[in-house]
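1. Have a look at this prediction, sequence included:
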Amino acid sequence: MRIRISAWALVFGMLAAPQAWATNYEIDQAHSTVGFSIRHLFSKTQGWFRQVQGTFVYVAGQPDQWTAEATMQVESIDTNVADRDKHLRSADFFDVEKFPTLTFKSTQVTDVDGNKAKLHGVLTMRGIEKPVILDLVAHGEGKDPWGNQRSGFTATGKLSRKDFGLEWNKALETGEFLVGDEVEITLEIEGIAK
């Protein structure tokens, strides 16, 4: 009898205890942006990948369970200049015919400080895989006015385009080059629970 009571007490205790369940989110493309910025001559040019699909997992207060993966369609690159976008899709840069997508898959989360952390992952561009680290800010989760569960985050980072085989450039009279090497990345991602 004592064993049965203990078993029932355990069951009721588990039901009563608050659980931190992982929520799987699908990236809401209408409310997400994948942007980049790179030096051109004496200023910076900005651009976006307009088509991004992916998922992420968020558990409030448990960053060890946070994961993310995404695919960007290179064809959707947009810098507000059609000729430049066409050049970026060419073999000089992204070579969209051979490498139509960019992918990112997280590997771990470190340096957690409240809602901030370092998101480590692998970025694949032009068939080349390289580790990247993004500064992550998780904005939490909640329901929208229509009852959908949503969550979002901002991630920023820097990478070398040459590391991924994007080496095209032109020399200037000053000895500098037309296009910089360092690319600044800004992701504004909102997801809807699946």
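-> Alright, I've got the coordinates. Treat the numbers as computed from the prediction; the structure is a model and nothing was measured.

2. where do the helices sit along this protein?
-> Taking DSSP state H to define them, one finds helices in the chain at 2-16, 82-89.

3. quick one: buried residues of the shortest one?
-> Pointing back at helix 82-89 there. Going by neighbour count (16 or more other CB atoms under 10 Å), the buried part of helix 82-89 is 84-85, 88-89. Backbone N, C-alpha and C define where each C-beta goes, glycine included.

4. can you check stretch 42-49 too?
-> 45, 47-49.

5. Out of those residues, which is nearest to residue 118?
-> Closest approach to residue 118 among the buried residues of stretch 42-49 (CB to CB): residue 49, at 22.5 Å.

6. ranking the helices of the chain by mean pLDDT, which is last?
-> Lowest mean pLDDT of the helices of the chain: helix 2-16, a mean of 41.

7. for stretch 37-51, how far is the first residue from the last?
-> This stretch, stretch 37-51, spans 17 Å end to end (CA to CA, to the nearest Å).

8. Skipping its backbone neighbours, what lies nearest residue 154 in space?
-> residue 137 (4.7 Å; CB to CB, 6 or more residues apart in numbering).

9. what about the one you found, neighbour count?
-> The tally of other residues near residue 137 (other CB atoms under 10 Å) stands at 13.

10. Could I get the full set of strands for the chain?
-> 23-27, 33-40, 43-49, 52-58, 67-73, 77-78, 101-113, 116-125, 128-143, 149-160, 179-193 (DSSP state E).

11. Which secondary structure elements does the fifth one sit against?
-> Read it as strand 67-73. Applying 3 or more CB pairs under 8 Å, 6 or more residues apart in numbering; DSSP states H and E, one finds that strand 67-73 contacts strand 52-58, strand 101-113.

12. Let's have those in TSV, adding mean neighbour count and distance to residue 186.
-> As requested, those are arranged in TSV below (neighbours: other CB atoms under 10 Å; distance: least, CB to CB, whole Å):
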stretch	mean neighbour count	distance to residue 186
strand 52-58	19	13
strand 101-113	16	14
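
13. from what I can see residue 142 touches residue 148, true?
-> No. If you go by CB atoms under 8 Å, residue 142 and residue 148 don't touch, sitting 9.9 Å apart.

14. ok, residue 91 - how many residues close by?
-> Residue 91: 12 neighbours (other CB under 10 Å).

15. wait, what's in contact with it?
-> Contacts for residue 91 (CB atoms under 8 Å, 6 or more residues apart in numbering) come out as 97-98.

16. what about the closest residue to residue 185 other than its chain neighbours, distance to residue 136?
-> Nearest non-adjacent residue to residue 185, counting by CB to CB, 6+ apart: residue 157, 5.0 Å away. For residue 157, the distance to residue 136 equals 9 Å [CB to CB, to the nearest Å].
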